[in-house]
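**Q** Predicted model and sequence below, questions to follow.
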Amino acid sequence: MKISFIVPVYNEEQSLQQLYSEIKKELDIYNHEIIFIDDGSTDNSFEVLSYLAHQDKTVKIVKLRTNFGKSAALQTGFEKVTGNYVFTIDSDLQDSPEEIPLFIKKIEEGYDLVSGWKKKRKDPFIRRISSYLYNLTTSVLFGIRLHDYNCGFKLYRSQVITEFDIYGELHRYIPVLAAAKGFKITEIPVKHRARKHGKTKFGRERYLRGFFDLLTVKLITNYIRSPLYLFGGLGMVFSSSGFIIGLYLTVLKFFYGIPLSDRPLLFMSILLIVVGLQFFSIGLIGELLVNQTRRLNRLTSISIEKEINF
């Protein structure tokens, strides 16, 4: 068994030495590597990491040209690992590496992904509330019973991280993406420590980005094979609403003689019907693309099968 550790870093120079020491203490009995992804830090984080790498050959550094975000940093790490067990952990010291054995014990029960659950968060009240609402919404939408999707402390089997590419804010939805691929996921409670150095790197704009990524994940997990179900359903809602309004106006015109030329509802009815038809069209185009992709995949599979048989 080889364990790979991925640590995204952005301006955490004061935390890195302690984090490295705590991780190293738990990993010394395993064949391991520690990969730090410097996500465009502007402080002395890279210098600290360079010193660690010079002292320890199991430490590797990848320096990104600018701050691309946590998802990009994790994806970079996923592409560099060589272990069959892959840990991720944030570099702010709020997670405790002493719980590494608990993750390993849990994943050896047959799980593919073990996520941490910050049961007692050491964060401000507003952040705890927003996190609770986010986790509740995600659980309801996707039907996965986890308390903490966004915890950075996770353990994967290496097969899991090869199944998807993450970008934007999709790192928050990794358990959802893994479950959609048929992997077995679970969570364990972990200690959550108060931040010692610096301040959080996430601003208010992450809520808007997170909402858009929520829609993206819903689309690619539930409707990637049948986009017409999504867009056709939306089209039906809009078109039906427009038709009902139009029917109401028709009754007013023919039975009560009320003119329609100056009624805004007429224009709303037309707009809703047109928008509904557009959604239907998008769904049909999506179905064509999906079926074409399936056809190409089948042809590729046939080619490979013939090549192997030959």
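**A** That came in fine, so what should we check first? Everything quoted here is computed from the prediction, not taken from an experiment. Numbering: from 1, shown residues only.

**Q** Show me the shaky parts of this protein.
**A** Scanning the chain for pLDDT under 70 picks out 198-210, 224, 261, 293-310.

**Q** quick one: the strands in it?
**A** Here the chain has its strands, by DSSP state E, at 2-9, 31-38, 59-63, 85-88, 113-118, 154-157, 185-190.

**Q** Make JSON lines out of those and add mean neighbour count.
**A** (Each C-beta comes from the backbone N, C-alpha and C, glycine too.) What follows is those, written out as JSON lines (neighbours: other C-beta atoms under 10 Å):
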{"stretch": "strand 2-9", "mean neighbour count": "24"}
{"stretch": "strand 31-38", "mean neighbour count": "22"}
{"stretch": "strand 59-63", "mean neighbour count": "18"}
{"stretch": "strand 85-88", "mean neighbour count": "24"}
{"stretch": "strand 113-118", "mean neighbour count": "24"}
{"stretch": "strand 154-157", "mean neighbour count": "24"}
{"stretch": "strand 185-190", "mean neighbour count": "19"}
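
**Q** Redo the ones you listed as CSV? Include distance to residue 219.
**A** CSV is the format used below for the strands of the chain (distance: least, C-beta to C-beta, whole Å):
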stretch, distance to residue 219
strand 2-9, 26
strand 31-38, 28
strand 59-63, 30
strand 85-88, 25
strand 113-118, 22
strand 154-157, 23
strand 185-190, 20
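
**Q** Outline the domain layout of this protein.
**A** For the chain, automatic domain parsing gives the domain ranges 2-222, 227-309.

**Q** so of the ones you listed, which one's packed in deepest?
**A** Among the domains of the chain, judged by mean count of other C-beta atoms under 10 Å, the one packed with the most neighbours on average is domain 2-222 (a mean of 18).

**Q** Quick one: end-to-end length of that domain, please.
**A** Terminal residues of domain 2-222 are spaced 34 Å apart (C-alpha to C-alpha, to the nearest Å).

**Q** what's the distance between it and the middle of its chain?
**A** A distance of 11 Å separates the centroid of the chain from that of domain 2-222, by C-alpha atoms, centre = their mean, to the nearest Å.

**Q** returning to what we had before: what's the closest of the strands of the chain to residue 77?
**A** Minimum separation from residue 77 across these (C-beta to C-beta) falls at strand 2-9, 3.5 Å.

**Q** Strand partners (parallel or antiparallel) of that closest one?
**A** Sheet pairing for strand 2-9, assigned by DSSP bridges, gives strand 31-38 (parallel), strand 85-88 (parallel).

**Q** And the contacts of the shortest one?
**A** What it means is strand 85-88. 1-8, 74, 77-78, 100, 103-104, 107, 152-158, 160-161 (C-beta atoms under 8 Å, 6 or more residues apart in numbering).

**Q** Let's see that with 6 Å instead.
**A** The contact list for strand 85-88, computed with C-beta atoms under 6 Å, 6 or more residues apart in numbering, reads 3, 4, 5, 6, 154, 155, 156, 158, 161.

**Q** what's the answer for the longest one, then?
**A** With C-beta under 6 Å, 6+ apart as the contact definition, strand 31-38 has outside contacts at 2-9, 45-46, 49, 58-63, 73, 76-77, 80.

**Q** okay, that strand in PDB with CA atoms only?
**A** Only the C-alpha atoms of strand 31-38 are listed here, as PDB (Å, rounded to 0.1, in the frame of the first residue of the first chain):
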ATOM      1  CA  ASN A  31       5.200   4.000   1.800                       C
ATOM      2  CA  HIS A  32       4.100   7.500   1.000                       C
ATOM      3  CA  GLU A  33       4.500  10.800  -0.800                       C
ATOM      4  CA  ILE A  34       3.300  14.300   0.100                       C
ATOM      5  CA  ILE A  35       2.400  16.500  -2.800                       C
ATOM      6  CA  PHE A  36       2.000  20.200  -2.100                       C
ATOM      7  CA  ILE A  37       0.200  22.300  -4.800                       C
ATOM      8  CA  ASP A  38       1.200  25.900  -4.400                       C
END
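
**Q** That strand versus strand 59-63: what angle between them?
**A** Angle of strand 31-38 versus strand 59-63, following axes from the mean of the first three to the mean of the last three C-alpha atoms, to 10 degrees, is 20 degrees.
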